[in-house]
Structures are given as C-alpha cells and as structure tokens.
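Engineer: No sequence on hand, only this structure:
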C-alpha cells in the first residue's frame, strides 16, 4: 500500500526494524549518486551498508566510477544507448555485528558503520553523507540541501 504522506520523518530514518515485522535476516541501506568532483570529472558513487543477523556481521560496500559518459540515439528508434565508465574502485569492509549504529538526536538522526560510512539526516530534510575507502584512494563528503522537497518523493510499505 502507498503511504498517504510522502514526507519521511526522522523517525522513519531511524527505524531499524525492531518496531516492525522483519521478514528477512538483514537490513540494507543503499546509496547511489552521480556528482561532479572538485577536479571537474564526473563520478558515480554507490554502495550500501548492510547488517546481517544470521552471519552476525555488518558490511560497508563502496563503488566508484569516474569519467565522462553519454548517450546516443539509435537510428529509427525511440531508444538511446548509454555508454558510461564502469566501476573503477570497489571496496567491502566486514565488521562484527553492532558496528552499524543509529543515533537519534532532537534535530537529526546519524547512521554510521565503522569509519568508512556516515550519514546524518536533519530535520530540515538536508543530509550529509561521508564515505571513505580508508586507503587514500577515495573519500567523499556530500551534502544534499533540497530546494523545495526532500530527496525522496514517496514511500512504499509492504503488506
């Protein structure tokens, strides 16, 4: 069913499954962004934090692609073909269960999973994401400041 109010609250951000029925043995938060770096290059940043109950493990994955891409129109077709660089750098960090942490504050919620991943969601719908491969190869510090709406536009809840 669709939620009538698409506004995601800090309570939604802090939900970690213990107040709801969890039908799987893991919790997963995904992220994927395309940004222009300080060097003028285009970057695609993706990954997830994952808490696996059965394995008693928390995981951070980080993937990065760099370079220019584009799309070309197929002749006699409404479709286009995209050509973008593949992932340059992929890291996975395995930590003991309990490394993933959700901290609630009056004005924000902070989710961390080791020194590699941190996201803070603020009451005004801004958020701050930090990812770091910890080897000097890649580090990102991203801020989202919405102009008129939060980054998300709707929520679904399974029945």
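Structural biologist: Noted; the coordinates are in hand. Everything quoted here is computed from the prediction, not taken from an experiment. Numbers count the residues shown, from 1 in each chain.
Engineer: quick one: low-confidence parts of this protein?
Structural biologist: Residue ranges of the chain with pLDDT under 70: 1-27, 147-159.
Engineer: hey, where'd the strands end up in this protein?
Structural biologist: For the chain, the strands defined by DSSP state E occupy 26-36, 42-52, 57-66, 70-73, 80-83, 87-96, 100-104, 108-113, 117-122, 127-132, 139-144.
Engineer: could those strands be laid out in CSV, adding mean neighbour count?
Structural biologist: Placement of C-beta: from N, CA and C, glycine included. Conversion of the strands of the chain to CSV gives the following (neighbours: other Cβ atoms under 10 Å):
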stretch, mean neighbour count
strand 26-36, 13
strand 42-52, 19
strand 57-66, 20
strand 70-73, 10
strand 80-83, 9
strand 87-96, 14
strand 100-104, 14
strand 108-113, 19
strand 117-122, 20
strand 127-132, 19
strand 139-144, 13
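Engineer: any idea how far the most centrally placed residue in the chain is from residue 81?
Structural biologist: Taking Cα atoms, centre = their mean, the centroid of the chain lies closest to residue 31, which sits 2.0 Å from it. Shown here: residue 31 relative to residue 81, a distance of 26 Å by Cβ to Cβ, to the nearest Å.
Engineer: do residue 123 as well
Structural biologist: 43 Å.
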